[in-house]
Structure formats: structure tokens, C-alpha cells
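# just coords:
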């Protein structure tokens, strides 16, 4: 521990911030630098697709900590600069502006970027993606000025924005390539529920959507679908997933495969370099193997593991994955990974918009998604974390209190 005097963190998102905060909390007294390519201090991303678009949040309110936190904790925060080279041999990083920072331990928390849309017209004005504060500010301004909005992608980001835009009185169409909404993340039950809900608030949902091109001269004016059907619009949001930012790690010779490969202690193929957050591919006990997670929970929990490793108090990453999505009046909360589900059990009332879907695989509870059922979610997190698997019959019986099933 005494030999570690300089820690450099590449990436000023949730994971990068958490590593720095946890290091100071854990007693690290050495030099600590966070290098970010945005102008902002580290901030929360989830509000960008929800509260921020509705003018219920601003640049200051989404900050993870006030500006003074970094000074008080002797954290050097470099903004609007990008690391262009990791020199592993000399244990230095070099930024685009020419700054050099030496490290004893380096953490890469470079996150993801929006997956680009490979379509004619994707570079027209009025075609947006959503990842950063700047993206959100541009999108919010454009939504306020225009009426007809097309969202390409029926995942969490697309549907959250759809609900916001519909709430602002906009005409919204969601185009999803797959047969159902949020297909990789939730059950068919929840997919259908959310489709019905969005349609009830005026959002048009088209699944199995095949897009040919985006039409327009300088600015997007519509979408041409297969069969030559045209959907007019003034604004397009592309939400078709994210790609891990691994280029810097790859150039440095670190092992990567759909993310930066780390072990259960957040260490990469170089023992002096760690990585955490959306950009990592890590061993996950809930995935029966390696997995890359894009969630605030993963960024925070894996960052804490990375900090513990740097502090010489290594503890394996075993946190249960959980996630939430606010879409209009509906709050979805999930825990676990619904991989290989062979039985679904519904508890509560779909009609009353308050229910949970329990996923089983070979008789074992592996995931739970809760809709407007925060109490169910909190119990489900304990069930999944502890590996307690109540029988489907008990779960489906609403006269049995869910908390009573924690004993098995």
C-alpha cells in the first residue's frame, strides 16, 4: 500500500467518480487525478432521458457532488481533455493537450458511446443520440421547437424519452426492429404491458420495423420504411444501444472482448491497471460467466471493488445486478439477469399497473421485474442476492406476504 502514491482515473463518469470517492473514504492519501473529456464535473446520466428533458433538472442538480468536493478531497479534476495514450512501460498517460500524468495504479472508466445508425441520412440535422449532458441539452432544445418526433429503438432510453415527449404534447412514434420492446431486458409480459401503456398515452409503437433511410435535405424530415411507407417527422432520436469505449485500452495492449476484460477484483490484464463500469466485461455470478452491464448499480459497485483492490483490501465483485426505468407514470425496477428463463410467475395486477414478474430457470429464481411495486423490488433484491428461491406457487399467492418468503 505504501508504494502506491499516484492514482490516475481516465473517465469522469459514475464509476470514475466512485473510485476516487471510495479511495479517499478508504484512507488513500496520495495524489488522485480524474481526467474527463466533458466540461462538466461528474454527473448522473439517468435524469438526462427523464427529468432533464422536462426541465425538472439542470446542470447543477445532476452533479454527483458539488464542485467543492473535489477541492476538499484533494482530487484533481481535469476537464475537456482526453487521454490519447497509455504508456504502460513508463506508467504514464498522455492527454491530447500534451499533459503527462504518472501513475502507480491506473483506472479506466471510459464508459460507452451511442451505437451509430448505419443508414442513409443518419448525419442530417435533427438526428440525435443521447449519452452526455451536451446531447441532452441539444435534444431538449429541439424537442421544445418541434412537434413530430420519431424514436428509433424501443429500449429504455427510447421509451423514457418517448414518455417525456408525449407528456409535453408531442406526436411520438417509436420504431423497434425486434418483435417486442426492451426484448433483451424484460419478459414478454412486461414488453406487452409497456407497449399498451405507451399507446395509452398517445405514442405510436411499431415493432418489427424495417427502416430504409432518413429523408431530408439539410434537416431530417421523415423516415422511409421497407415497402416505401413514409413517416414524416421533425426530429429523430436514435437509441439502438451502446458500444464500450475500449479503443484506448486496446491500443495499450490490454485484453478486450466486448469490453475491457477484468477479473473479479476489477484488474485488467495489466496488474497496475483496473477498470470499472459500462466499459468492462467482468465475471458475474448472476450471468454464469462473463457479462458487460450498463447500469448505475454496476458502475458504483464495481468501482468500489476497484478502489478496495487499490487499497490492498481486495474483495470480489458479487453484487446482484439491478436497474430501474421511469416511463411516464410507470416505474420499472429489475434485479437479476433473465438469462435462460423457462418459467414466469406473475404476482399482483397487470390491470392495476402494479405487479411483478418472477423469472425461474430450472426451478431457481434468477430475476424479478417489478412495475410500480417498490416493495416487491426490495424483497426481490434480497431474494436474488441471498440465493433464496421460493416456490412459484408461494410467489403467485398474493395472500402470502412476500417478505415472509425470505426465509426460503
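Sure thing, it's come through. All values reported here derive from a predicted model rather than from experimental measurement.
# how about the helices in this structure?
Counting by DSSP state H, residue ranges of the helices within the chain are 14-25, 68-72, 133-145, 156-167, 188-200, 247-251, 296-310, 374-386, 392-396.
# contacting residues around the second one?
Residues from elsewhere that reach helix 68-72, judged by C-beta atoms under 8 Å, 6 or more residues apart in numbering: 34, 41, 75, 76, 77. From N, CA and C alone the C-beta is placed, and that goes for glycine too.
# Next, give me the two most distant ones among those.
Across the contacts of helix 68-72, the longest distance by C-beta to C-beta is 12.4 Å; it joins 41 and 76.
# Same drill for these two, tell me which one is more crowded.
Applying other C-beta atoms under 10 Å to residue 41 and residue 76 shows that residue 41 carries more neighbours, namely 21 against 14.
# I figured the more buried one was touching residue 65, is that so?
Yes. Residue 41 is within contact range of residue 65, at 7.5 Å (criterion: C-beta atoms under 8 Å).
# quick one on the thing from earlier: adding mean pLDDT, distance to residue 363 and mean neighbour count as columns, could you present the helices of the chain in CSV?
As requested, the helices of the chain are exported to CSV (pLDDT from 0 to 100; distance: least, C-beta to C-beta, whole Å; neighbours: other C-beta atoms under 10 Å):
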stretch, mean pLDDT, distance to residue 363, mean neighbour count
helix 14-25, 98, 35, 25
helix 68-72, 98, 47, 13
helix 133-145, 97, 44, 16
helix 156-167, 98, 29, 24
helix 188-200, 98, 19, 18
helix 247-251, 98, 40, 16
helix 296-310, 98, 26, 24
helix 374-386, 97, 14, 18
helix 392-396, 95, 8, 15
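# closest one to residue 54 among these?
Nearest to residue 54 among these is helix 156-167; the distance by C-beta to C-beta comes to 5.6 Å.
# hang on, the earlier thing: out of the contacts of helix 68-72, list just those in strands.
Of the contacts of helix 68-72, the ones assigned to strands by DSSP state E are 34, 75, 76, 77.
# before we move on, back to that, got TSV for the helices of the chain, with distance to residue 228 too?
Listed next are the helices of the chain as TSV, based on distance: least, C-beta to C-beta, whole Å:
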stretch	distance to residue 228
helix 14-25	44
helix 68-72	55
helix 133-145	27
helix 156-167	24
helix 188-200	25
helix 247-251	39
helix 296-310	42
helix 374-386	45
helix 392-396	47
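# Compare those helices and report which one is nearest to residue 117.
Closest to residue 117 of those, according to C-beta to C-beta: helix 156-167, at 12.3 Å.
# so what does the closest one touch, helix or strand wise?
Packed against helix 156-167 by the contact rule (3 or more C-beta pairs under 8 Å, 6 or more residues apart in numbering; DSSP states H and E) you find strand 148-152, strand 171-175, helix 188-200, strand 322-327.
# I'd like the ones you listed as a markdown table, with distance to residue 118 appended.
As requested, these are arranged in a markdown table below (distance: least, C-beta to C-beta, whole Å):
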| stretch | distance to residue 118 |
| --- | --- |
| strand 148-152 | 12 |
| strand 171-175 | 15 |
| helix 188-200 | 25 |
| strand 322-327 | 26 |
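# So which of the ones you listed is nearest residue 235?
Of all the helices and strands packed on helix 156-167, strand 148-152 sits nearest to residue 235, with 5.0 Å by C-beta to C-beta.
# Just checking: what are the partner strands of that closest one?
In the sheet, strand 148-152 lines up against strand 171-175 (parallel), strand 235-238 (parallel) (DSSP bridges).
# And that strand, how far out from the chain middle?
Put simply, strand 148-152 sits 21 Å off its chain's centre (C-alpha atoms, centre = their mean, to the nearest Å).
# which outside residues touch it?
The contact list for strand 148-152 (C-beta under 8 Å, 6+ apart) reads 117, 143, 158-159, 161-162, 165, 170-175, 211, 223, 231-240.
# one more time with 7 Å, if that's ok
Residues from elsewhere that reach strand 148-152 (C-beta atoms under 7 Å, 6 or more residues apart in numbering): 117, 143, 158, 161-162, 165, 170-175, 211, 223, 231-240.
# and if you look at stretch 379-398?
By C-beta under 7 Å, 6+ apart, the residues outside stretch 379-398 that reach it are 320, 322, 335-336, 343, 345-347, 356, 358, 360, 364-365, 368, 370, 400, 402-403, 405-406, 408.
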